[in-house]
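Q: I need the structure of the sequence given here:
(one chain, ligands or ions: 2)
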Amino acid sequence: MAVATRFDAIIIGSGQAGNPLATALAAAGRKVALIEQNLLGGSCINYGCSPVKAMLASAERMQQVATAANYGIKAGKPTPNLRAIVERKDALIQAKRDGIQKNLTQEQKGITLLHGRATFTGARRLRVALADGGEQVLTAPRIFINTGTRAAVPPIEGLEESDFLTNVEILNLKELPEHLLILGGGYIGLEFGQMFRRFGSRVTIVSTATQLLENEDDDVCAAMQEQLAADGIEFVLQADVHRVSRNADGIYTLTAATPAGERRLRGTHLLVAVGREPNTDLLGLEAAGVATDEKGYVQVNERLQTNVRGVYALGDVHPGPQFTHISYDDYRLVRDNLLHGKRRTTTGRPVPYVVFTQPQLGRIGLNEKQAQEQKLSYRVATMPVRTIGRAQETGHTTGLMKVLVDGRGYLLGAAVFSEQGGEIMSMLQLAMAGGLTCDDLQDMVLAHPTWAEALNNLFSKLRQPG
Ligand SMILES: Cc1cc2nc3c(=O)[nH]c(=O)nc-3n(C[C@H](O)[C@H](O)[C@H](O)COP(=O)(O)OP(=O)(O)OC[C@H]3O[C@@H](n4cnc5c(N)ncnc54)[C@H](O)[C@@H]3O)c2cc1C
Ligand SMILES: NC(=O)c1ccc[n+]([C@@H]2O[C@H](COP(=O)([O-])OP(=O)(O)OC[C@H]3O[C@@H](n4cnc5c(N)ncnc54)[C@H](O)[C@@H]3O)[C@@H](O)[C@H]2O)c1
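A: Ligands and ions are numbered 1, 2, ... in the order given. I've put the predicted structure just below:
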């Protein structure tokens with residue numbers, strides 16, 4: 001048996017929690033090992049937030065040129081150069097990866113970076129199959145699992161063999177899809193759908209749900225669908241795709257049961273974006289005795305401790321919202337508890353999020369559906385974006401803003417589907433954190449003519465629901 005190298009802490013996965021945790025532990029004098037089987041930076045940097053938003057910026061620029069005539073500007077028909085768009089994205093994420101590598105290996109002493117796949121062989125013991133051959137055995141009294149997720153693949157006949165795309169492959173296409181079929185009407189489906197539609201592909205979103213982003217309020221979902229339909233995206237909702245095939249010319253056919261009967265949907269490319277599954281199946285958690293839920297997510301308490309003493313799970317690999325800022329906050333929580341003697345928990349943590357379509361959908365707190373499920377008494381205000389001066393001046397008139405307040409006038413939640421939706425939502429999040437009331441916001445002096453100024457009017461529209 002190989003001799004084990006002893007560390008104070010081992011981190012599995014170079015995700016949004018793992019990297020800063022390695023740095024913080026090493027800076028506090030701990031001997032740390034960080035193990036990554038693939039690219040430094042994990043999903044967000046390599047296959048998620050950063051590359052998608054970089055390419056969305058190209059799509060947005062396409063749209064600006066395509067609609068220039070509306071603003072009195074004569075411009076030719078824009079043509080995307082996908083290779084150049086992908087190269088721009090690659091340069092950006094390479095720089096981010098280089099920054100992480102430098103930070104872990106040069107700027108912070110005390111971190112051993114291992115490239116390979118880690119597997120538990122005991123509660124405090126791991127085997128690492130090194131990427132360049134051989135293996136290493138490590139032990140530590142504290143082990144942090146930050147192994148993230150991958151695209152879930154639904155059990156549909158013919159899908160596995162069909163050479164479909166996930167969020168990883170679609171970011172590196174060499175040619176524009178003529179007709180992109182997207183399975184799933186969630187964050188990933190919508191962001192890529194609008195991106196490729198704006199680049200000029202025909203796009204069809206196919207979802208089992210009755211509406212896009214099915215967890216949001218109906219009026220918000222309808223506004224999103226209206227915008228995407230105006231972009232020219234087609235939708236097939238309440239579709240149960242039960243067969244996928246691909247012919248010799250590479251054409252995909254999805255066979256789906258829909259309310260309008262059986263349909264066959266054909267396209268040149270297929271993106272599967274129906275949610276995620278955790279990277280725990282090859283982690284050997286059973287050897288450590290670490291408990292998972294029925295979907296394979298690592299079970300943790302509100303301090304991110306697993307059932308095995310000294311083993312923690314951070315980020316998307318445990319149940320809960322899957323966002324970069326949540327994974328990063330998991331790091332802060334563990335850091336504060338282990339290094340600064342605090343007793344922080346995940347209870348009551350705000351979960352803001354933004355769908356980066358244009359316009360953006362920024363969300364914080366409760367929506368109306370959730371307020372009703374919780375039988376809360378609330379007032380609601382809704383305002384179409386087309387009534388906002390800033391929207392009229394800039395020509396971005398799609399969307400709506402919606403806020404919920406409780407009986408004392410404190411904000412329960414907000415959905416801001418407008419230009420700068422993420423930024424305006426963040427203002428409302430600050431207002432919630434600072435305990436501002438609807439009266440404060442209705443009467444606050446906000447600069448004219450900003451998007452934020454619309455909040456004055458929005459709060460003047462509060463009414464009882466129904
Ligand atoms: C297309 C897409 C777009 C997204 N956009 C946004 C966005 O705009 N905003 C937002 O907040 N969130 C977004 N997300 C979600 C966000 O990417 C994740 O929530 C975030 O990356 C959290 O990751 P993590 O820290 O859990 O680990 P990850 O970033 O998933 O990293 C886990 C790492 O562990 C490694 N690993 C796994 N198993 C092993 C093993 N056995 N041994 C060694 N290494 C291992 C993996 O290779 C990976 O590098 C997006 C996700 C996707 C897919
Ligand atoms: N802007 C952001 O913050 C951002 C962007 C992308 C991804 N993410 C994160 O990544 C996660 C995963 O995104 P996602 O879009 O894959 O998942 P999702 O859970 O957001 O949406 C999945 C969609 O697929 C549908 N669906 C499920 N099974 C299906 C099937 N068999 N056929 C057709 N449709 C089916 C669901 O009804 C749902 O609408 C998100 O939940 C989010 O946490 C965040």
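
Q: Only C-alpha atoms from now on, for both contacts and neighbour counts.
A: Will do.

Q: Would you confirm that residue 287 contacts residue 124?
A: No. Applying CA atoms under 8 Å, one finds residue 287 not in contact with residue 124, separated by 9.9 Å.

Q: ok, those two, which is more surrounded?
A: residue 124 (20 against 15; other CA atoms under 10 Å).

Q: Surely that one is in contact with residue 141?
A: Yes. Here residue 124 lies in contact with residue 141, judged by CA under 8 Å, at a distance of 6.0 Å.

Q: Give the residues shared as contacts by these two.
A: Overlap of the contact sets of residue 124 and residue 141 (by CA atoms under 8 Å, 6 or more residues apart in numbering) is empty.

Q: so what's residue 201 up against?
A: Residue 201 makes contact with 176-180 under the criterion CA under 8 Å, 6+ apart.

Q: And those residues, which is closest to residue 272?
A: Lowest distance from residue 272 to the contacts of residue 201 (CA to CA) belongs to residue 180, with 10.7 Å.

Q: Quick check: beta-bridge partners of that closest one?
A: residue 203, residue 269 (DSSP bridges).

Q: For it, list the residues it contacts.
A: 196, 201-204, 267-271.

Q: ok, 10 Å please
A: Contact analysis of residue 180 by CA atoms under 10 Å, 6 or more residues apart in numbering lists 192-193, 196-197, 201-205, 252, 266-271.

Q: before we move on, what about residue 298?
A: 145, 278-280, 285, 290-292, 304-307, 312-314, 316-319.

Q: again, only using 6 Å
A: Residues near residue 298 by CA atoms under 6 Å, 6 or more residues apart in numbering: 292, 318.

Q: Where do the helices of the stretch 51-200 of the chain begin and end?
A: Shown for the stretch 51-200 of the chain, the helices assigned by DSSP state H, counting those that start in this stretch span residues 82-102, 187-199.

Q: Pick the most buried one from the ones you listed.
A: helix 187-199 (a mean of 23; mean count of other CA atoms under 10 Å).

Q: Mind putting the helices of the stretch 51-200 of the chain into TSV with mean pLDDT?
A: Conversion of the helices of the stretch 51-200 of the chain to TSV gives the following (pLDDT from 0 to 100):
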stretch	mean pLDDT
helix 82-102	98
helix 187-199	98
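
Q: Adding distance to ligand 2, write those out as TSV.
A: Formatted as TSV, the helices of the stretch 51-200 of the chain follow (distance: least, CA to the nearest ligand atom, whole Å):
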stretch	distance to ligand 2
helix 82-102	16
helix 187-199	4
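
Q: Residue 168 is nearest to which of the ones you listed?
A: Residue 168 lies closest, by CA to CA, to one member of the helices of the stretch 51-200 of the chain: helix 187-199, at 11.3 Å.

Q: what packs against the closest one?
A: Applying 3 or more CA pairs under 6 Å, 6 or more residues apart in numbering; DSSP states H and E, one finds that helix 187-199 contacts helix 49-66.

Q: what does the helix it packs on contact?
A: Residues from elsewhere that reach helix 49-66, judged by CA under 6 Å, 6+ apart: 89, 195, 198.

Q: make it 7 Å
A: By CA atoms under 7 Å, 6 or more residues apart in numbering, the surrounding residues in contact with helix 49-66 are 44-45, 75, 77-78, 85, 89, 93, 195, 198-199.

Q: the inter-axis angle of the longest strand along the chain versus helix 82-102?
A: The residue-count maximum for a strand in the chain (DSSP state E) belongs to strand 111-122. Interaxial angle of strand 111-122 relative to helix 82-102 (axes from the mean of the first three to the mean of the last three CA atoms, to 10 degrees): 90 degrees.

Q: Give me the buried positions along strand 111-122.
A: 111-122 (16 or more other CA atoms under 10 Å).

Q: same question, stretch 9-28
A: 9-26.

Q: Please apply the same query to stretch 342-358.
A: Buried residues in stretch 342-358, defined by neighbour count with 16+ other CA under 10 Å: 344, 352-358.

Q: Just the terminal-to-terminal distance for stretch 407-424.
A: 23 Å (CA to CA, to the nearest Å).

Q: What residues of that stretch count as buried?
A: Buried, per 16+ other CA under 10 Å, within stretch 407-424: 409-424.

Q: Grab the two from the residues you listed that are most spread out in space.
A: The largest separation in the buried residues of stretch 407-424, counting by CA to CA, is between 409 and 419 at 25.9 Å.

Q: quick check: domain ranges of this structure?
A: Listed domain ranges for the chain are 4-149+277-339, 160-274, 359-461 (source: automatic domain parsing).

Q: any idea how far residue 89 is from residue 169?
A: Applying CA to CA, the value for residue 89 to residue 169 is 14 Å.

Q: Contact residues of the chain facing ligand 2?
A: Neighbours of ligand 2 within the chain, by CA under 6 Å from any ligand atom: 154, 183-189, 206-209, 212-213, 241, 273-276, 321-323, 353-356.

Q: Just the buried ones among those residues, please.
A: 183-189, 206-209, 212-213, 241, 273-275, 322-323, 353-356.

Q: Those residues in strands, which ones?
A: Those of these mapping onto strands are 183, 206, 241, 353-355, per DSSP E.

Q: now, which of the contacts of helix 49-66 sits nearest ligand 1?
A: For the contacts of helix 49-66, the minimum distance to ligand 1 (CA to the nearest ligand atom) is 3.6 Å, reached by residue 44.

Q: contacting residues for the closest one?
A: Counting by CA under 7 Å, 6+ apart, residue 44 has contacts 50, 324.

Q: Now for the closest residue to residue 381 other than its chain neighbours: which residues touch it?
A: Leaving aside its sequence neighbours, residue 381 sits nearest to residue 462 (CA to CA, 6 or more residues apart in numbering; 4.3 Å). By CA under 7 Å, 6+ apart, the contact set of residue 462 is 379-381.

Q: Can you list which of these are found in strands?
A: Short answer: the contacts of residue 462 in strands (DSSP E) are 379-381.

Q: Which one (most neighbours) among these?
A: Tallying neighbours with other CA under 10 Å puts residue 380 at the head of these, with 23 neighbours.

Q: Look up how far residue 82 lies from it.
A: Separation of residue 380 from residue 82 (CA to CA): 44 Å.

Q: How about residue 336?
A: Computed as CA to CA, the residue 336 to residue 82 distance reads 44 Å.

Q: before we move on, what about residue 448?
A: Plainly put, residue 448 is 39 Å away from residue 82 if you go by CA to CA.

Q: Let me see the contact set for the residue positioned nearest the centre of the chain.
A: Central residue of the chain (CA atoms, centre = their mean): residue 323, 4.9 Å from the mean position. Shown in contact with residue 323 (CA under 7 Å, 6+ apart): no residues.

Q: One more: residue 148?
A: The contact partners of residue 148, taken as CA under 7 Å, 6+ apart, are 278-279, 315-317.
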